[in-house]
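Trainee: give me the fold of what follows.
(chains A and B)
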Amino acid sequence: MKPPRSLEPQNELAPWLTEIHRELDADASALDWATQSRLNRARQAALIEFGRRPRWRWPTYVLATALSLALALFVVPGSRPLPPTLPTPAAATASSAEDFDLVAGADNLALVSDWEFYAWLDSTAAGG
Amino acid sequence: MNAIVWSVNANDVNATLATGDQERVRKQLDRFLKDVERRALRMAEYATGNRDDALEIVQESMLGFVRHYRDKPGTEWPPLFYRVLDSKILDFHRRNQVRSRWFGWLVRDSRHGEAADDGLEAIIDAAEPGPYRRTADAETGQAVHAAIQALPLRQRQCFLLRVWEGLDVAATATAMKCSEGSVKTHLSRALASLKLRLESHHETPPLA
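Mentor: Numbers count the residues shown, from 1 in each chain, chains lettered A, B, ... in the order given. Purely as a prediction, here's the structure:
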């Protein structure tokens, strides 16, 4: 146990502080086995936590900003450059995905409501 | 052949050094926590009046300390650990205050007093002292614990950190997240209160 410190400038109080210190030490050392066991488990849990890799933590606002930017890039219309060539069959899948993103945007209510019209338009264009 | 073995071993040496440092720090951490855990428990028990709550606070403090301050040098561990402990104790009191404010008409909680007008500093814990094994002078021991228990929360924390744990003023201020002036004020008031309460059990004459 640590020896008691003398507290400047109250050196004259040291004797009774020493007695308090001794009593506190005696009390702390007299723990029952159940309590000692729980303290030991708590300490072991902390040591296990120490052994883990430090969690990679980013501030919440950084994550929120990054997520907002990602959504803006993929959802906002016109945020992507026009393709330099006509869409190929291989790109049709990607194009369909982009169309889905456009439709899924909450601002494109008119597009959603006229979905059947555009689907019909698409089918007539393909057949004609 | 030897060159290949050396290059492989060099990588292993670096890994071993890192692992060795990790293990060394881990052992230091184990020794440190073993040294502080009992005092931390008693501090939390004084603050909560309940051993189970105190044990939970100590466990949370150990985990919080490791998570937030694992990379700090060992010399800074004591004030940082008690900073976490102090925060957990204050959180406990805040939760209880909110709970008693909302549900106090349902459950009478006689363990915790109400905050005075000047906030946390004047919180008096009305908890009954728990069971202690007594030294030869049982009456003095009981008086000591009752006197410490009767201190307002911040004064008691300051007293225990300065006198029992042995932190200096700066470290105590770090632990309690207050100024050094506040530490001196808290300690001065705590000593005055304790002296008043314990005067009948000591032969030391009062200060002139």
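
Trainee: how about low-confidence regions in the chain?
Mentor: Picked chain A for this. A:1-13, A:53-61, A:75-128 (pLDDT under 70).

Trainee: that was the other one, I meant chain B.
Mentor: Low-confidence segments of chain B (pLDDT under 70): B:1-18, B:100-137, B:200-208.

Trainee: domains in it, by residue range?
Mentor: For chain B, automatic domain parsing gives the domain ranges B:10-96, B:120-201.

Trainee: could those domains go into JSON lines alongside mean neighbour count?
Mentor: No exception for glycine: its C-beta is placed from N, CA and C like everyone else's. As requested, the domains of chain B are arranged in JSON lines below (neighbours: other CB atoms under 10 Å in any protein chain shown):
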{"stretch": "domain B:10-96", "mean neighbour count": "17"}
{"stretch": "domain B:120-201", "mean neighbour count": "18"}
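
Trainee: can I get those in CSV with distance to chain A?
Mentor: Shown next, in CSV, are these (distance: least, CB to the nearest CB, whole Å):
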stretch, distance to chain A
domain B:10-96, 4
domain B:120-201, 4
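
Trainee: the ones you listed: which one's closest to A:G51?
Mentor: Proximity to A:G51 (CB to CB) singles out domain B:10-96 among the domains of chain B, at 6.9 Å.

Trainee: who touches the helix or strand where A:R43 lies?
Mentor: Secondary structure assignment for A:R43, by DSSP states H and E: helix A:33-51. For helix A:33-51, contacts defined as CB atoms under 8 Å, 6 or more residues apart in numbering or on different chains pick out A:31, B:22, B:25-26, B:29-30, B:33-34, B:37-38, B:41, B:51, B:55, B:58-59, B:62-63, B:65-67, B:70.

Trainee: okay, buried residues for that helix please.
Mentor: A:T35, A:R38, A:L39, A:A42, A:R43, A:A46, A:L47, A:F50 (16 or more other CB atoms under 10 Å in any protein chain shown).

Trainee: need the max-distance pair from those residues.
Mentor: Spatially, the most separated pair among the buried residues of helix A:33-51 is A:T35 and A:F50, at 22.8 Å (CB to CB).

Trainee: quick one: which of the buried residues of helix A:33-51 is nearest B:L160?
Mentor: Of those, the one sitting nearest to B:L160 (CB to CB) turns out to be A:L39, at 17.5 Å.

Trainee: for the closest one, give its distance to B:V98.
Mentor: Distance of A:L39 to B:V98, computed by CB to CB, to the nearest Å: 29 Å.

Trainee: and what of B:A143?
Mentor: 34 Å.

Trainee: and what of A:L17?
Mentor: For A:L17, the distance to B:V98 equals 36 Å [CB to CB].
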